[in-house]
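Q: next comes the sequence, and after it the predicted model I'd like to discuss.
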Amino acid sequence: MTRSILPWFAAPPSWSGLLLALALAGHAPALPTWALAGLILACMSRILPPAWPALAVAGARLVLLVILTGAAWFHGGVGLAIRVGLLAVLSLKWAESRVDGEHRLVVAASLLALALGILAWQDLLGFIWVTVGLVLALAAFHARVGGAGARLGNALKRLALAAPLAVVLFIFFPRIPGPLWDVGYTLGLPLTVFAEKGQTGLGMSTTLKPGGSSLHGPGSERPVLVAEFKNYVPATALLYWRGPVFYDYDGQAWHLDADFPNRARMLKEGWRRSTSFKDSLAEARQLTDYSVRLSPHGGLWLFGLDVPAGLTTESYISRDWQVMSITPMREESTYRLKSWLRYRDAQPLDADLRRRALALPAGNPRLKALGAELSHAYEEPRTTFATALALLNRGGYRYAEDAPFPGGPEGYDRLWFEHKTGNAEQYAGALTVLLRAAGIPARLVTGFRGGKLMALTDFVVVKRQHAHAWVEAWLPGQGWSRADPSDLVAPERFAGEAGKAVQPKAAPRPSQAPAAAAPSEQIARPAATAPAGGGLKLPDLEDWLGQWVIHLDGGRQARWISGAGLKGPGWLWLLAALALAVAGVSGAGWAWSRWQERRAVPADERAWRGFARRLREAGVVLDPAECPSRLAARLEADRPDLAPLAVPVIHLWTRLRYAPAGADTAAFRAAARRFKPNPF
Amino acid sequence: MRVVRDPSGLDATQRHLWTGLYPTPGGVFLLLTTLLLLLTAINYANNLIFAMAFFVLAAWGQAAWEAWRNLAGVNVGEVRTVSAHAGEIPVLHVRVDSRRAAQGLSLSWRRLNGPVNEVPARGQTRLVLPVPGLERGEHVLDDLRLTATDSLGLWRMSRSARKATVLIYPAVERGVALPGAWGEPAHRHMGGDALEGIRPYRPGDPLVRVNWKVAAKRDDLVVNQFDGGQGSAAVWLDLAGEVGGLEARLSRLAGQVLAAEEAGREWGMRLGEQCLEPDSGEAHRHACLTALARYRES
Amino acid sequence: MDDPILPKTTPTNVVDAISTIVLDKEPQVRLALACLLAGGHLLIEDLPGLGKTLLAHALARTLGLEFKRVQCTNDLLPTDLLGVSIFHREENGFRFHPGPVFTQVLLADEINRASPKTQSALLEVMEERQSTVDGETRQLPRPFFVIATQNPVDQLSTHPLPEAQLDRFLMRIGLGYPSVAAELDILRGEDRRVRLAAMTPVLSPKELLDFQAVTARMHASTALLAYLHALVLRTRDSDRFRYGLSSRAAQALLAAARAWAVLRGGDHVLPADVQAVFPAVAAHRLGLGADTAKAEAAAREILATVAVA
């Protein structure tokens, strides 16, 4: 570590300064102009005359720091204040750094600042920022004498040599999706914090007003429950956590049973034992065993997965298949449940419920008309049902979480026919209305779907943002069957995890909907939104980055592992693969350097060493301090068996090495190679 | 060129010497940064930051290997005993040679690091280490290390070099007067034999000393001149005869040793019970100064 | 050996010839001859009566060189060696009477008995190969080869050569006691001085000079020089020696190795040649004292620790 003043670009300050500038530039779009100017001023304080008293300089810097942080606080709150404050501290530290050690500290901190700055830019620009930042950082860490060229050259060389290991780490490092406190939930961090009463949203509330809930905004990150699965974790897209089920729509909002919660009636209509519930199913497969840690929401729902197969204490299965608690959930509690993920209902629909499941309030005439048209076009309700779903699938609908609901008595009409943009709850409502108009009993189910799989663990964290709504239609012979409009409108939304496995079930194949018998223009018009199959696209960098760098996540890793046919905890397999790959890369590096080193030895000498090795193997004790000519004499005296072959080699070698130029290297190498005392 | 005694390529005496590989403070910074980057990457599930963290981590690990490799092929020669007067800075030096090119080599002792050097493949170089701040006495630096860093300065690999002995003589007091000569010169008893030369005969010279051989060839008489004659009576330097603190007295004696040598005199020295017979020459001076360096008051 | 100027008689004949006089001492004879071929001077350090003088004499005889001998004593003056200008009345001027150094082979017996002044006069002549007396410089004959002997035991009233001056001698060798067979042969045989007188030269001085020229041109490859350099460095790095070998010593080592290669009949220097002459060339330059055997053992240890390149 040199303290001497080197030419500008060979000096550490300029490199740490460049890196700092890059980091600041990364933050620049998010900073007000005056804050940026202040940070630049902080950096400029480096050129204060050295004659100034140290105390005055330090004071001036402190004042600048306080002003910048304070102004940021007033301007943009705590977040901005922290950001500007930290950047200011870093800039001021750089300004006062004089020795190499300080610059190294600045470089390390600047790397962090750079990382935080590019958090939002998941694109090519971010990639460039990271690359340049790495080169600058390594150039700043240069510990040898040398100018800018030497620094850059060494940095690039280090990066190139580090690349294989870095790639291996990148691929195999188990991805635990953040934020880190989600990991905390799986470890038992309390879920109580955000559960205020009355602030229940979609999936929990007892009324559902179309367009009245948002999955974004404050609270969307709040956990609702943490489930730990035994044995295996199903694809999260298959997880439907069942909450309130709505039959009654009054044209404005969906309502639960009028006497909810009437425990006596609900107990009577439901099942106290899971075994008796199972009898009502025609088919039940894929048993899942899991325990749930539920945040206190004040309601009765225990959010069992569809459909319950095992109950916990103080619980029962309602008529609408929810797992219900006897008492409202006012404290965080943990319980164990079982569910069938594949099932077929075999229950008859009683008249009263059928009436409620077909009831339609006034309004939405166009949907009613379409429903009527569908019911006329197809005799079989199943076909009607499939056609309705196909309309949603191919009608050019778009999914938008925050889409405004048109509202009014024709709200669902306008969503279906005009806006064609909505969210899960809106489409579910519209589909329910359409199915009812087509004479198919339908109910609107709310709850949660999916959840965040804590990669490589058996935990799934379900948050408010996973709130979901779907439809169940009663079909003769099939009972209540689920239809999820979200999968039809935006298949990619849950496609991250085994989405393909879901789709065929929910969305009927086009062949099921006979296009020839299309009852209306809308039905007949095939939507062109199906993914285009053909057309080779040149892979551009941005695509490549997106596919291989930016979107490599725990799910993809999990798929590799299952693709490789490996069972058991994924993170273990990944760590094993990581260790193996790191060992492989290191071993390859080591072998490569050995090879390089060997290559650096002249061919003749290599041949001589090989010859000496074979001599040793033949039992000749070699002394490196012995002149080859002596060795030859010794061989002739002691090893007449080897001498005829070995001695000429030695003579050729000594001539090559010590005689005037013109010795025959080829002859020597050939002779040395020919010497094989132990052919067997 | 390397010194070979065993197949590992290291001198037999160096094989089992302790070696160590540590991150430098800069390396620790960078590792902490990497961990923070990783936490950031995990928290925000950001793959670009993952990539950044892993590149830094890989470069960090690779640097350790580089530091190790820089030192692995290096052989250390012996460190020669060096000596200096108190107040001067003795410089240790050791020759190292290497099978392969190695950079960032330096000699170090405790917290002192010598200048960084490099050695070409199958070449050699000399590493030096100035050791300031040693007091008078004999210092055995047995935790001398040969260290190597990687090119990023993240790791330091070190290996025990052989031990070195540093003799610090007392500081030299300049301009001291030699004590009066007394006693026998060292070579008085050999005076009859040690012919120094001839000079012209002066009245009063003993006839025994006339060189008759030469006189036969010349017209004038010459006499043989022997050493131990006038003016070369030995000077005795005595610690007990000086006043002042121990270090001051030792400094004075050191000054007197140099002065006596400069004056071409023979000198003897008494240090408490220790006594060095009168003599002159480099070896004698070294012996006297060494005795002064090692002197302890009992 | 396809050198055009190379004489037909090889120096090996010389070794054989001397070995008939100096029995059982072939290595020493070879070293002495190599020393002569390399143009250096030889210091023989051993007890009296082991044939030092005989060796020197035999060497001179077989090579047909002019031989003179000086017995050093403490009153030997430089002029006794170099010569003096003496006034001659008849010529009314000074005439130079050359001393014994004006010869081709000079045996300086018991050089440690001479006074330092005389010693340094001799050493100067050895180095310069010319002598300056009374302001006039006179060239010594060629070849000029000094064999000095030193008795390591009898140190009383002697002036051992200063260690720094030992560098002037290319080699220092000890003779050692002869083997039983050789000693019996000596006892049984006729007086070797008589045989010596009867010896005829094997080599002419012209041939000897040619051999010296061949020696100077003997090929030493880069690899060999690297090995030689490693040996030298090894002596410098070690704390066991007071002095490491100087650059001059390295040159001397190379010259001696070349001479050894000539004696071997090779056309290039081998590491074995360097190894053969290394103890004789290096031992007295390392500051290990007068014990030849001990110093040579230390030098051999160096040989054992440096790998042949």
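A: Cool, the structure landed. Numbering: from 1, shown residues only, chains lettered A, B, ... in the order given.

Q: name the nearest residue to the most centrally placed residue in chain A, ignoring sequence neighbours.
A: Closest residue to the average C-alpha location of chain A: A:D553 at 3.4 Å, with Cα atoms, centre = their mean. Among residues not flanking A:D553 along the chain, A:R175 sits closest, at 5.4 Å (Cβ to Cβ, 6 or more residues apart in numbering or on different chains). To be clear about C-beta, it is placed using only N, CA and C from the backbone, and glycine gets the same treatment.

Q: what about the one you found, how many neighbours?
A: Neighbourhood size, A:R175 [other Cβ atoms under 10 Å in any protein chain shown]: 24.

Q: coming back round to it: distance of the residue nearest to the centre of chain A from B:N46?
A: 11 Å (Cβ to Cβ, to the nearest Å).

Q: A:P210 is in contact with A:Q426, correct?
A: Yes. Between A:Q426 and A:P210 a contact is recorded at 5.4 Å, counting by Cβ atoms under 8 Å.

Q: mutual contacts of the two, please.
A: Shared contacts of A:Q426 and A:P210, defined by Cβ atoms under 8 Å, 6 or more residues apart in numbering or on different chains, are found at A:F405, A:Y412.

Q: one step back: the residue nearest to A:D553 contacts A:W560, doesn't it?
A: No. Under the criterion of Cβ under 8 Å, A:R175 lies out of contact with A:W560, with a separation of 11.4 Å.

Q: quick revisit: helix, strand, or coil at the residue nearest to A:D553?
A: Under the three-state scheme (DSSP: H, G, I helix; E, B strand; the rest coil), A:R175 adopts coil.

Q: how far away is it from C:T235?
A: Taken as Cβ to Cβ, the spacing of A:R175 relative to C:T235 amounts to 63 Å.

Q: residue numbers of chain C in contact with chain B?
A: With the criterion set to Cβ under 8 Å from any Cβ of the partner chain, chain C comes near chain B through C:74-75, C:77, C:79-80, C:84, C:86, C:115-117, C:157, C:159, C:226-227, C:229-230, C:233-234, C:236-239, C:305-307, C:309.

Q: quick one: which of those residues sit in helices?
A: Secondary structure of those is defined by DSSP state H; positions in helices are C:79-80, C:116-117, C:226-227, C:229-230, C:233-234, C:236-237, C:305.

Q: show me which of those has the smallest pLDDT value.
A: When it comes to pLDDT, C:D237 is the least confident member of these, at 73.

Q: how many neighbours does that one have?
A: By the other Cβ under 10 Å criterion, the neighbourhood of C:D237 contains 23 residues.

Q: cool, and C:V180?
A: 9.

Q: and it, how far is that from C:T20?
A: Taken as Cβ to Cβ, the spacing of C:V180 relative to C:T20 amounts to 19 Å.

Q: and for A:L24?
A: Distance check for A:L24 against C:T20: by Cβ to Cβ, it reads 95 Å.

Q: between those two, point out the one with more neighbours.
A: A:L24 (22 against 13).

Q: got the CA coordinates for the helix or strand hosting A:G447 in PDB?
A: With elements taken from DSSP states H and E, the one containing A:G447 is strand A:442-449. What follows is strand A:442-449, C-alpha atoms only, in PDB (Å, rounded to 0.1, in the frame of the first residue of the first chain):
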ATOM      1  CA  ALA A 442     -72.700 -20.500  -9.800                       C
ATOM      2  CA  ARG A 443     -71.200 -19.100  -6.600                       C
ATOM      3  CA  LEU A 444     -68.400 -16.600  -6.100                       C
ATOM      4  CA  VAL A 445     -65.600 -17.900  -3.900                       C
ATOM      5  CA  THR A 446     -63.100 -15.600  -2.300                       C
ATOM      6  CA  GLY A 447     -60.000 -16.400  -0.400                       C
ATOM      7  CA  PHE A 448     -56.300 -16.600  -1.400                       C
ATOM      8  CA  ARG A 449     -54.600 -18.300  -4.100                       C
END
